[in-house]
Each structure stands twice: as structure tokens, then as C-alpha cells.
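Peer 1: could you look at this predicted model? Sequence included:
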Amino acid sequence: MAISSQGVAIVGAAETDKVGKLPDHSTLQLHLEGALNAMADAGLTPADIDGIATVANPGPVQIAHSLGIEPAWMDGTAVGGTSFLLHVRHAAAAIKAGYATTVLITHGESGRSRVGAPPRPMEPASMQGQFEMPYGPLGPPTTFTIPMLRYMKEYGLTHEQLAYVAVAQRKWAAANPRAMFRDPLTVQDVFDSRMIAYPFHLLECCLVTDGGGALIVTSADRAKDFPKPPVHILGTGEAMDSWMISQMEDFTSSKGFRQSSRAAFAQAGITHADVDHVMIYDAFAHVPIYGLEDMGFVGRGEAGAFIAEGRTEPGGELPLNTNGGGLSYTHTGMYGMFLIQESVRQLRGEAAAQVPGVEVGVALGNGGMFATSGTLVLGSHT
Amino acid sequence: MATPSKAVPQPTPDTQPYWDGAANGELRIQRCRDCSRPYFYPRPICPKCHSTNVEWFTASGRATLYSYSINHRPAPGFADDAPYAIAVVQLDEGPRMMANIVGIENTPENLILDMPLKVTFEKRGDVMLPQFTPAGEE
């Protein structure tokens, strides 16, 4: 088997000093702190950066200007929480095309404290404003969750299996000092937490936190110039389904997850057996279930039992969401950056809950409510 | 402080036939004249065969309950309804749309997937809003 590389690597990666409740940090500060930490991780200064990517608002112009960067290439792709995985993909293409040599990708979000955060508009003349908002949704907990009962009817997944996703991830969080929640959890604890949007209890919904992080991407042939071992970009994919949850093509499977992952695996030239570590965007407990099936790690309807059998938790054959995930570690709102950060840590061998011998990792990001998807296959060597 | 009111949809030129239909007690959606496939939400092109030869028609108003969540944290104006289901219904013609399920207490025991539903209309601001209610034994 021939694993291929894109000739591009992540050579700097860092999160903000803290994640969690940070009412003393604005959205912009979180971006800049993450950026400064990532540049320090790579031994670079803003003078070395010639490409910038981040989600609109604050957007690439404000971030670059604030840091004194004069980019020759910028990307403001903002398609929800997976955007940062797409930024990595786009940065790899830009570097290969010669548009930039060294790209900074930033995330910062005052998701909990809402300091200097952009408003969340609800335009009554938009399609969502006309065809969804009148029915009383209130944010992701009430819409992202709608497909699950259909999945449960089609495949017989139990409420216990759904709850166990949170239990399994809490076991990883227990080993991560930065995780917001670390105490052991039982299925009964999940059932005893208050109902948010049936069938989802509070502990089956992600945290809402403040934080940020950033990445430095450059060509792999420069990798020896940096203090940390490079994390090679082996394969990438991006895809979409519907921006309105009511129009999702198949309520039991994410078209975006399937398409972006198929593309990334094919480009990397890997099979599922090559994968040592997996990160799946877990805004809610069902998303890793969809992700494992849509990426093809298990068959249709099998992911709930797979997780409940302990096969993704510490000691299991497929370590999943080893930082504790959005359910226990942190979730700023656009969580994708943290998927990449944990993938990089695992591949460098510096994670809090380090899995032995990780050489290939996969990160699957979600944007909106199953609306957009990004997949990265990353490797410790080419 | 004024009681917050429920979100009111604001029709646009491309969706006006839908809201005009609702004002007359009709659920109007579009279909493709070339491949004859019905579709929703309103747009000027068939999402399947990409023909722009499309038309509006009045759907049967019959549907089944496709999936839902029961929201325990009410949106503005929905406090008296909570907990309430935010449902997606599948029209007999095929397309799916969001709706509330009215005329029945919104509990998991009452709301059985694939149960038959029929359209009804609720006055919301200046528009009539399509909703769905159990079709019962018909």
C-alpha cells in the first residue's frame, strides 16, 4: 500500500493558553493569542507568514492586519465549525500552487462569554426564516437533533447507546487536565441530566466555551527547519448537504461526511486499517455515530454498539475523540480547530491522553447542522 | 416588557406563491414539468434534472411524521407551548418540510414516526403558516 502525501505539512499548532470560561478575552484576542502561540510553536514571527485563513468575522483581513501580516493569499471560507479543516485543504492547494509559502490559520470564539462576538442574525426573509424559524427552533440543540429519531427507528439504536457516547468520551477527558468535565460518567448520569431536546439530554449536548487555536502550514520540504516534527497532510476532502436540516438528503447518514471522507481517504491512499486515531466533530452525541458509519469504519447501524462495546474508549481498537471532545473537553461553537489540534498532538506524541504509536490520524469536521463537512488525513511521516 | 412573539416569515418574490396558497388554505409547492418530480423549498430549477421548466401545484396536504425533536427550551413566543416538537414531515408527494404537530400533546408516546398527518393553517402575523395535525382514522 502506498500512502501518498500532498507535500505540505502542519509545522505549528497551538491552542489559547486556556479554554473554557474566558470572560476577559474578546473574540479577536482569542484569535491573536492562538496565532501567537502557534507561531511560537513553529519558531516563526508574523514576518514569516504570507498567507492567512480564518472564518469571516473577524475574518482574515482583521486577523492579518492585527498581527502586522501582509498576506499574498487569504481565505475567509466560513461554512461553520468545519471551516478550519477546509482552510487546511485550501492552504495546501495554495502552497502547491505557489500562492503562499507559509499559511496561518486561526480560530477564536467567545462562544460562552460572547465578548466582542458577532451577532447571530435571524433574517425572516431567508429560506430558514420562512420555512424553519416559524416552527420554534432555538439553536443547534433543537435542529441538529431532529434526524436522530429517524436513525433510531431505522437501525434500532437505543437511548442507552446514544448516552454511552458521552460516557466513552468522558473516559478520555479524565486524562486531559484542560478538559472542562473530567469526572466519571454513567449512562444513568446522562439520563438524569435535564432534557434539552428529546431524545437529547444535557450531557448528550456539547459544552459552550471560549477558546481558540491556530495552525501553521507550509511545504513539507521545509519541515526540517522547524522545532517540532511535521504533521504531513496526506489527504483532504470537503463536501456539503443542505443548509436547512429539514432538507437533509438522508436523515440516517450525512452525505457530506461520506463524500469528504471518501475523497480524503482516496487522496491519501489509505484504508481504514491504516488509521490509528480518529477525531469526529461531536456537537451532539449522535454525530460520532454518523461519522463512524459515514467514513466506513463500521457498517450501517453498527456504530452505537461499537462505541457501547468500548471499542473507541481508552484501550479500544479505534481511539476516538481523545481530548474528550465537544461533549467533555471544550466547544467554542466552531469546534473544528480543536479536532486538528488534537490530531496534531497525537501524531507528535504530545497529547494528554496519548495513544501509543499514532502514525495516521483522521479528523472529520461538521459545519452547521450536517450542512458541511471536511475531512483531513494526517500522518507523522510520508 | 412586551411578550415576545413567534417568528413571522417574510415572503419573498420567489416564495410568494407558497404564501398566497397558504392564505387560501392550500399547500402549494413546485414540481418539474420535465421529470415530474415535486420539490420543496421554492427555487427556479429542478434540483434533480436541473430543468427550469417548473410549475407550482397544490399538494394533497397529506403527510407522515418523518422525524422530530421535542424542544424543552422554548424559542421566543413559544413559552406556552413548551415542550413542543419541531418536526419534519414527509409529504405524500415526496418532499419534506419542517412543521409543528398541532392538536395533540407533543409527547414521545403520542408522536409515532410515520403516523399520518394532514395540513392545517395557523395565522402568524400577516401570513397563514402551514402546520400538520394527526390525520386520524379516515
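Peer 2: Sure, I can see it.

Peer 1: only C-alpha atoms from now on, for both contacts and neighbour counts.
Peer 2: OK.

Peer 1: next, the buried residues of stretch A:177-195.
Peer 2: Neighbour counts over stretch A:177-195 (16 or more other C-alpha atoms under 10 Å in any protein chain shown) mark A:178-182, A:185, A:187, A:190-191, A:195 as buried.

Peer 1: turn these into JSON lines, columns for distance to chain B, pLDDT and secondary structure.
Peer 2: Formatted as JSON lines, the buried residues of stretch A:177-195 follow (distance: C-alpha to the nearest C-alpha, whole Å; pLDDT from 0 to 100; DSSP: H, G, I helix; E, B strand; the rest coil):
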{"residue": "A:178", "distance to chain B": "29", "pLDDT": "97", "secondary structure": "coil"}
{"residue": "A:179", "distance to chain B": "26", "pLDDT": "97", "secondary structure": "coil"}
{"residue": "A:180", "distance to chain B": "23", "pLDDT": "97", "secondary structure": "coil"}
{"residue": "A:181", "distance to chain B": "23", "pLDDT": "97", "secondary structure": "coil"}
{"residue": "A:182", "distance to chain B": "26", "pLDDT": "97", "secondary structure": "coil"}
{"residue": "A:185", "distance to chain B": "23", "pLDDT": "97", "secondary structure": "coil"}
{"residue": "A:187", "distance to chain B": "20", "pLDDT": "98", "secondary structure": "helix"}
{"residue": "A:190", "distance to chain B": "16", "pLDDT": "98", "secondary structure": "helix"}
{"residue": "A:191", "distance to chain B": "15", "pLDDT": "98", "secondary structure": "helix"}
{"residue": "A:195", "distance to chain B": "7", "pLDDT": "98", "secondary structure": "strand"}
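
Peer 1: so which bits of chain B are right by chain A?
Peer 2: B:6-12, B:41, B:66-76, B:78, B:86-88, B:96-100, B:113 (C-alpha under 8 Å from any C-alpha of the partner chain).

Peer 1: buried subset of these?
Peer 2: The neighbour count (16+ other C-alpha under 10 Å) marks B:6-11, B:41, B:66-75, B:78, B:86-88, B:96-100, B:113 as buried among the residues of chain B next to chain A.

Peer 1: those strands in the stretch 51-200 of chain A, which residues are they?
Peer 2: Assigned by DSSP state E, counting those that start in this stretch, the strands in the stretch 51-200 of chain A fall at A:51-54, A:73-75, A:102-110, A:195-198, A:200-201.

Peer 1: please work out which of those is packed deepest.
Peer 2: Of those, the one with the most neighbours on average (mean count of other C-alpha atoms under 10 Å in any protein chain shown) is strand A:102-110, at a mean of 30.

Peer 1: pull the CA atoms of it into PDB?
Peer 2: Extracted in PDB, the C-alpha atoms of strand A:102-110 (Å, rounded to 0.1, in the frame of the first residue of the first chain):
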ATOM      1  CA  THR A 102       3.600  29.800   5.000                       C
ATOM      2  CA  VAL A 103      -0.100  30.000   5.900                       C
ATOM      3  CA  LEU A 104      -1.500  30.900   9.300                       C
ATOM      4  CA  ILE A 105      -5.000  29.500  10.100                       C
ATOM      5  CA  THR A 106      -6.700  31.000  13.200                       C
ATOM      6  CA  HIS A 107      -9.800  30.300  15.300                       C
ATOM      7  CA  GLY A 108     -11.100  32.300  18.200                       C
ATOM      8  CA  GLU A 109     -14.600  32.300  19.600                       C
ATOM      9  CA  SER A 110     -16.100  33.800  22.700                       C
END
